[in-house]
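In: Sequence plus the predicted model coming up.
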Amino acid sequence: MKVRKGIFPVAGLGTRFLPATKAQPKVMLPLVDKPIIHYVVEEAVQSGIEDIIFITGRGQVAIENYFDLSFELEEFLRTKNKRGELAELNGISNLINPCYVRQKQAKGLGHAILVARHLVENEPFTVFLGDDVIDSEVPCMRQMLEVFERYHCSVVALQRVAKNQTSSYGIVQPRQIDERVFQVLDMVEKPSPDEAPSDLAIIGRYILTPEIFRELDETTPGKGGEIQLTDAIRRLLRRQAVYGFIFEGTRHDTGDKLGFLKATVEYALRREEIGKEFREYLRSLQLRDQ
């Protein structure tokens, strides 16, 4: 069965980026001149995902406006004969035909996925976390879909992390199947380095079978009343196989201030209109600090 649907949980409060996120969603912060979420949506589209489902919360209207038409602005650009800018705006509004579902309470990632159940129905689907921007020649999700097409089971994206970073991730207990493919035997949420079963961390891309909804329904809420996706996937392991895949590409954690700044620098350097001057500026800073 073709995987057509992508869930984008974007209802987070973005507290690590306050006060910037007081009046706008974190995923709308710009990497150069495009918001973070734009890059993630592009990955989905380039991977063949047809239906984009945003799980939003209060104060998320900026996301809806961004992917919608902007009549006044477009008319202004027409009168000024700014054809390049107009074409770019039209490209954004034509990029996807999104659907928005409100998560009324912040009850965790698992709950966010559960509120989209009626739109997914009995189909496998993808999940994209907006914090993770992945730079790769072949879109990360396209790589994962090739694994799904081989095994027809849930697939999670994996990345090797330093031992002292395991407490920041869900870590899998793996059984290697192929060079980059592992069967997930178990997973532990944010283990200490001594308790981590491996150095393979789950990052923000998932392909899930519809059976996950049953497991989410039966998952006991944890700390803060949140339903954790990791707990539901652990339950799913009793019924069917789950695979992990080490994708090819560079992951930028834009949910972290330093990660956001690193991503901004890297994406700015590759921009034709500013890359050369920006690189020279960075070199001048390095020389000044010596």
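Out: Yep, it's here. Numbers count the residues shown, from 1 in each chain.

In: right, and the helix or strand after the lowest-mean-pLDDT helix or strand in the chain?
Out: Across the helices and strands of the chain, mean pLDDT, DSSP states H and E gives its lowest value to helix 83-93, namely a mean of 84. Sequence order places strand 99-102 as the next helix or strand after helix 83-93, per DSSP states H and E.

In: Just the buried positions in that next one, please.
Out: For strand 99-102, the neighbour count (16 or more other Cβ atoms under 10 Å) marks 100-101 as buried. For the C-beta atoms, the positions are set from N, CA and C on the backbone; glycine is no exception.

In: Alpha carbons of that strand, in PDB - could you do that?
Out: The C-alpha trace of strand 99-102 is given here as PDB (Å, rounded to 0.1, in the frame of the first residue of the first chain):
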ATOM      1  CA  CYS A  99      -5.400  19.900   6.700                       C
ATOM      2  CA  TYR A 100      -5.400  21.200  10.200                       C
ATOM      3  CA  VAL A 101      -6.400  19.400  13.400                       C
ATOM      4  CA  ARG A 102      -6.400  21.100  16.800                       C
END
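
In: The least confident helix or strand of the chain - contacts with which helices or strands?
Out: Using 3 or more Cβ pairs under 8 Å, 6 or more residues apart in numbering; DSSP states H and E, the elements in contact with helix 83-93 are helix 71-79.

In: what about stretch 242-256, start to end distance?
Out: End-to-end distance of stretch 242-256 (Cα to Cα, to the nearest Å): 28 Å.

In: how far does it sit from the chain's center?
Out: In terms of Cα atoms, centre = their mean, to the nearest Å, the centre of stretch 242-256 is set 9 Å apart from its chain centre.

In: Use 51 as the first number for this chain going forward.
Out: Fine by me, first position is 51 from now on; the one you just mentioned is stretch 292-306.

In: So which elements touch the longest helix seen in the chain?
Out: In the chain, assigned by DSSP state H, the helix with the most residues is helix 325-339. Secondary-structure packing of helix 325-339 (3+ Cβ pairs under 8 Å, 6+ apart): helix 307-319.

In: and the angle for the helix it packs on with helix 325-339?
Out: Orientation check (axes from the mean of the first three to the mean of the last three Cα atoms, to 10 degrees): helix 307-319 against helix 325-339 gives 130 degrees.

In: Read off the pLDDT value for Asp339.
Out: Looking at Asp339, its pLDDT is 69.

In: And the helices in the chain?
Out: In the chain, the helices defined using DSSP H lie at 86-96, 111-116, 121-129, 133-143, 159-164, 167-170, 190-201, 262-268, 279-286, 307-319, 325-339.

In: Tell me which residues of the shortest one come out buried.
Out: Neighbour-count burial for helix 167-170, with 16+ other Cβ under 10 Å as criterion, is recorded at 167, 170.

In: tell me the contacts of Tyr256?
Out: 176-177, 204-207, 279 (Cβ atoms under 8 Å, 6 or more residues apart in numbering).

In: Hmm, I typed the wrong one, I wanted Ile324.
Out: Contacts of Ile324 by Cβ under 8 Å, 6+ apart are 82, 318.

In: what's the distance between it and Gly98?
Out: Distance from Ile324 to Gly98, counting by Cβ to Cβ, to the nearest Å: 32 Å.

In: Rebuild the contacts of Tyr256 as a markdown table, extending it with pLDDT.
Out: Output for the contacts of Tyr256, formatted as a markdown table (pLDDT from 0 to 100):
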| residue | pLDDT |
| --- | --- |
| Thr176 | 97 |
| Val177 | 97 |
| Ser204 | 96 |
| Val205 | 97 |
| Val206 | 97 |
| Ala207 | 97 |
| Leu279 | 93 |
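
In: Just put the residues you listed in a markdown table and tack on neighbour count.
Out: Output for those, formatted as a markdown table (neighbours: other Cβ atoms under 10 Å):
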| residue | neighbour count |
| --- | --- |
| Thr176 | 26 |
| Val177 | 25 |
| Ser204 | 22 |
| Val205 | 30 |
| Val206 | 27 |
| Ala207 | 26 |
| Leu279 | 28 |
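
In: if you skip the residues just before and after it, what's nearest to the residue nearest to the spatial centre of the chain?
Out: Nearest to the geometric centre of the chain sits Leu179, at 2.4 Å (Cα atoms, centre = their mean). For Leu179, ignoring the flanking residues on the chain, the nearest one in space by Cβ to Cβ, 6 or more residues apart in numbering is Gly254 at 2.9 Å.
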